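> below: sequence and its predicted model.
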There are 2 protein chains.
Amino acid sequence: MAEHNPALTPISQLGEFGLIKHLTSNIRIKNPETLLGPGDDAAILQPGPGKQLVVSSDLLVEGIHFDISYTPLTHLGYKAVTVNVSDMAAMNAVPKQITVSLAISSKYTVEAMEELYRGLLAACEHYGVDLVGGDTTASPSGLMISITALGEADAATLTRRNTARQGDLICVTGDLGGAFLGLNLLEREKRIFRESPEVQPDFGDNDYLLQRQLKPEARTDMKAIFEAIGVLPTSMIDVSDGLASELLHICTQSKLGCKVYEDKLPIDPIALRTAAEFNMDPNVAILNGGEDYELLFTIPQEDFAKVKGHPDITVIGHMTEENEGRMLISRSGQAHELTAQGWQHFGAAPKG
Amino acid sequence: MAEHNPALTPISQLGEFGLIKHLTSNIRIKNPETLLGPGDDAAILQPGPGKQLVVSSDLLVEGIHFDISYTPLTHLGYKAVTVNVSDMAAMNAVPKQITVSLAISSKYTVEAMEELYRGLLAACEHYGVDLVGGDTTASPSGLMISITALGEADAATLTRRNTARQGDLICVTGDLGGAFLGLNLLEREKRIFRESPEVQPDFGDNDYLLQRQLKPEARTDMKAIFEAIGVLPTSMIDVSDGLASELLHICTQSKLGCKVYEDKLPIDPIALRTAAEFNMDPNVAILNGGEDYELLFTIPQEDFAKVKGHPDITVIGHMTEENEGRMLISRSGQAHELTAQGWQHFGAAPKG
């Protein structure tokens, strides 16, 4: 990057403090709970009276979670925030602050980091979150983004993973599998480009899938929707590793089984068509694809009327006794044991 | 590591979730403010009523901040917590929780990560901090430790960097330069080992310096000391990048100058002797060495009697008007402009 274009600025020209100052100079604090942002040994926050705080950290590593050859840095910055804010949404909490730590190899320029920060700050703006601090350092190879998100919640409406009850309905927001199919499209065009660099990438009318992969949105809108329809999930988790993995987390932690129905699983028509193009069972994308950042949650059976037909919510099954197992019921009525594959970073081939 | 010893367990055998579960299974929550530790989408905290929260993040990257060839993983884990807790001490806050995110390359085994966690948890025990969450993922190369620390403080006793006043006395805890000389000893023995692997390392009686480098302690004891002697620093920062860099931060942010005296700078006799062995000006270790994790702070002149002769505190100078510059007064009475070198990760040769 730097070596190819003399107009770009190597990070060494600014140094660590200079880079941090440069990148954080136009940060605008939005929340009254944020008393002091970047620049001191620590940020200072004043949580709302009586509020509980939720804290979550996520790591994105180049070559493991993202491939810089087809991931625009602005999108990457945005996604890094989304991933963390999604954990806040999964707790039914309101995200308030993030810290961002970056390890940056010398192939990146100041301009590249400006792009990344443009995405980070756009997401902060979108989610109403303050970037309050972090750390910036060199890396011997690649880029690493470590974000910690802080959010506020009321004790009475926090949603955990281990509190689903037998008989609860299992619901999911939005549609699933799109992010994984978007990744497959990007990987396919990358292979074609490697073999024939003169061929222009052809994503057809698959913008939706690319957006699901490159610029996913966290479902921070659901808290207000739950309030509006008068539903408090009995348990909730975000779908980052594929529906199967998340279902198993809720089952294990709630000491229950589950039954979900193949014909209820929500998938976008474009995703369905693209799965067919790839000769892929769409269930693989839904159950084991991951990165959809939708919410999976359970509600009492008596709330069925409140969610029925809601454009953002699909009922996909119900919780059972633990000894009934964790089952996917196929269209033909056969029961299959759900297995989690999710992200296999260790030992398996990296996905991104 | 794994490839040399079949008794060791590759991380791929446990997978990401398995590794996290294995490493966090014996975590004991100590603080009543920690309502929920690892295992959900986020940890849940209940800050004390009326308390302000401080948040700080630090990143340690293999090949940049540490050299695994002479850094025991237990020490590394301990130090990673110390570095973060030190930021809490610099705010005069009480550390309460940390999240730990790890990116781990395939050269590390489950046993190696157990060692690292032994150090992390020992430090959590020592500082009274709860490990409440984080993320664990693969890394294409090397080990990366990203920690976010959370602490509580009273608004009235928080200490920032930008609140020093003209005429304030500049104080420092403990002694300085030891960590940098410890690093130099380790680097020397590494060079000798590379050239002549049969030679046993010879650290002489320099245990103190090795400990300063490998297992530094954060000055979380100072909050109680300040209370006991009735002193509230007007500004404070921790010495992670060398005294000069930290002094300049306080000066810049408080819009003041400073005058510090060479003959007042506290250095341990072993550090002084080792600097001589290396033909190194001890001021380089003190001013630009870094990693001492002592506290640099300012106090009102009228508090001089309260700190005079205190075994943990040395007065090294005073704050001046901004236009008087940031000066080091040598033993011979000459004034030298202070310049920060600190950690030059970007573009300069890595230190560790």
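Cool, the structure landed.
> ramachandran coordinates for the closest residue to A:Phe226 other than its chain neighbours?
Using C-beta to C-beta, 6 or more residues apart in numbering or on different chains and skipping residues adjacent in sequence, the residue nearest A:Phe226 is A:Leu232, 6.4 Å away. C-beta: built from backbone N, CA, C; applies to glycine. The phi/psi pair for A:Leu232 (degrees, to the nearest 10) reads phi -120, psi 110.
> what's around A:Leu232, how many residues?
Neighbouring residues of A:Leu232 were enumerated by other C-beta atoms under 10 Å in any protein chain shown; the total is 16.
> A:Pro269 too?
9.
> state the distance from it to chain B.
Remark: distance between A:Pro269 and chain B (C-beta to the nearest C-beta, to the nearest Å) = 30 Å.
> B:Gly142 versus that residue, what's the distance?
A:Pro269 is 44 Å from B:Gly142, where distance means C-beta to C-beta, to the nearest Å.
> A:Gly230 reaches A:Lys306, doesn't it?
Yes - shown here, A:Gly230 and A:Lys306 form a contact pair, counting by C-beta atoms under 8 Å, at 6.1 Å.
> who has more neighbours out of these two?
Higher neighbour count among A:Gly230 and A:Lys306: A:Lys306, with 16 against 8, using other C-beta under 10 Å.
> contact partners for the more buried one?
A:229-231, A:299 (C-beta atoms under 8 Å, 6 or more residues apart in numbering or on different chains).
> nearest to chain B among these?
Closest approach between those and chain B, by C-beta to the nearest C-beta: A:Ile299, at 17.5 Å.
> got the contact list for the closest one?
A:Ile299 touches A:168-169, A:171, A:231-234, A:306-307, counting by C-beta under 8 Å, 6+ apart.
> try 10 Å
A:164-165, A:168-171, A:226, A:231-236, A:306-307, A:313, A:315 (C-beta atoms under 10 Å, 6 or more residues apart in numbering or on different chains).
> per-residue pLDDT, it?
With respect to pLDDT, A:Ile299 scores 98.
> over to A:Ile147?
Reading off the model, A:Ile147 has pLDDT 97.
> let me know the secondary structure of the residue nearest to it when sequence neighbours are not counted.
Nearest residue to A:Ile147, sequence neighbours excluded (C-beta to C-beta, 6+ apart): A:Asn84, at 4.6 Å. What DSSP: H, G, I helix; E, B strand; the rest coil gives for A:Asn84 is helix.
> A:Asn84 against A:Ala218, yeah?
Yes - counting by C-beta atoms under 10 Å, A:Ala218 is a contact partner of A:Asn84 at 8.3 Å.
> mutual contacts of these two, please.
Shared contacts of A:Asn84 and A:Ala218 (C-beta under 10 Å, 6+ apart): A:95, A:123, A:127, A:149.
> element containing the second one, please.
Element membership of A:Ala123, judged by DSSP states H and E, is helix A:110-127.
> quick check: mean pLDDT across the helix or strand following that helix?
The helix or strand immediately downstream of helix A:110-127 is strand A:130-138, counting by DSSP H and E. Mean pLDDT, computed over strand A:130-138, is 94.
> likewise for stretch A:227-236?
In this model, stretch A:227-236 has a mean pLDDT of 98.
> cool, stretch A:303-320 as well?
Mean predicted lDDT for stretch A:303-320 stands at 97.
> please save the CA atoms from that stretch in PDB.
C-alpha atoms of stretch A:303-320 as PDB (Å, rounded to 0.1, in the frame of the first residue of the first chain):
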ATOM      1  CA  ASP A 303     -47.300 -14.100  23.600                       C
ATOM      2  CA  PHE A 304     -47.700 -15.900  20.300                       C
ATOM      3  CA  ALA A 305     -50.400 -13.500  19.100                       C
ATOM      4  CA  LYS A 306     -48.100 -10.500  19.800                       C
ATOM      5  CA  VAL A 307     -45.400 -11.700  17.400                       C
ATOM      6  CA  LYS A 308     -47.500 -13.500  14.900                       C
ATOM      7  CA  GLY A 309     -47.200 -11.900  11.500                       C
ATOM      8  CA  HIS A 310     -44.700  -9.200  12.800                       C
ATOM      9  CA  PRO A 311     -42.400  -8.300   9.800                       C
ATOM     10  CA  ASP A 312     -39.300  -8.500  11.900                       C
ATOM     11  CA  ILE A 313     -40.000 -11.700  13.800                       C
ATOM     12  CA  THR A 314     -40.400 -15.400  12.800                       C
ATOM     13  CA  VAL A 315     -41.400 -18.200  15.200                       C
ATOM     14  CA  ILE A 316     -39.200 -21.200  14.300                       C
ATOM     15  CA  GLY A 317     -40.000 -23.700  17.000                       C
ATOM     16  CA  HIS A 318     -40.200 -24.200  20.800                       C
ATOM     17  CA  MET A 319     -38.200 -25.300  23.800                       C
ATOM     18  CA  THR A 320     -38.600 -28.800  25.000                       C
END
